[in-house]
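[1] sequence unknown, structure follows:
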């Protein structure tokens, strides 16, 4: 199952790093606790809509831009999963292992 | 503040109605309680990532498609808010009233 919070966390972390900012900095700007932002970035906690809006504001990114990126990542993962499930079982296991290795 | 859960709820309801399906039907398919789905559609509760994935599966819609629609709606609202905040105060009040009337 592809989980929104994991891809959302990835996009938020990526954007923060692109800006060369620390978790502490964004946490202070967004007035969201450091632990909570860290868990959101790692896909371990769902971000409430209010919290997500505050983080986007701290990153000076429109929420629409963040969600468009998330949608693109989702589409890529869906295509990868669809590709895997349309293969014969033995091949699927092999490709899954390869994908896991690439991701690691 | 533009809240993701409100726009997400709107898109999910819109898609369900386009398919001519009832809340009860989607609730049974997604194995998500009727009350919870209803609150998600009205933007009153945050959908967990697992729950959102189950609803999308029940609607036979890729999550990426739903999030792309949400992103489009967000962009429209952001543009509307930006348009309002760049107008003089007196005009803003008038346009806000018009927008409210159109939305009602």
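    Perfect, thanks for sending it. Fair warning: this is a prediction, and the values are worked out from it, not measured in the lab. Numbers count the residues shown, from 1 in each chain, chains lettered A, B, ... in the order given.
[2] for chain A, what lies in contact range of chain B?
    Counting by C-beta under 8 Å from any C-beta of the partner chain, chain A comes close to chain B at A:1-6, A:46, A:48-50, A:52-53, A:62-65, A:67-68, A:70-72, A:74-75, A:78. For glycine as for every other residue, the C-beta is placed from the backbone atoms N, C-alpha and C.
[3] what subset of those is buried?
    A:2-5, A:46, A:48-49, A:52-53, A:62-65, A:67-68, A:70-72, A:74-75 (16 or more other C-beta atoms under 10 Å in any protein chain shown).
[4] from the residues you listed, which land in helices?
    Counting by DSSP state H, the part of these found in helices is A:4-5, A:49, A:52-53, A:63-65, A:67-68, A:70-72, A:74-75.
[5] ok, which pair from these is furthest apart?
    Distances among those were taken as C-beta to C-beta; the most separated pair is A:53 and A:75, at 23.7 Å.
[6] which of the helices and strands in chain A ranks last by mean pLDDT?
    Every helix and strand of chain A was ranked by mean pLDDT, DSSP states H and E. The lowest is helix A:89-103, at a mean of 51.
[7] contacts only, for the nearest residue to residue A:5 once chain neighbours are set aside.
    In this structure, residue A:5 finds its nearest non-sequential neighbour in residue B:49, 4.5 Å apart by C-beta to C-beta, 6 or more residues apart in numbering or on different chains. By C-beta atoms under 8 Å, 6 or more residues apart in numbering or on different chains, residue B:49 lies in contact with A:3-6, A:46.
[8] redo those as JSON lines? Include pLDDT.
    Formatted as JSON lines, these follow (pLDDT from 0 to 100):
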{"residue": "A:3", "pLDDT": "97"}
{"residue": "A:4", "pLDDT": "98"}
{"residue": "A:5", "pLDDT": "98"}
{"residue": "A:6", "pLDDT": "98"}
{"residue": "A:46", "pLDDT": "98"}
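[9] got the residues you listed as a markdown table, with distance to residue B:32 columns?
    A markdown table is the format used below for those (distance: C-beta to C-beta, whole Å):
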| residue | distance to residue B:32 |
| --- | --- |
| A:3 | 15 |
| A:4 | 15 |
| A:5 | 17 |
| A:6 | 20 |
| A:46 | 15 |
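[10] just give me the closest of those to residue B:82.
    Lowest distance from residue B:82 to the contacts of residue B:49 (C-beta to C-beta) belongs to residue A:4, with 26.0 Å.
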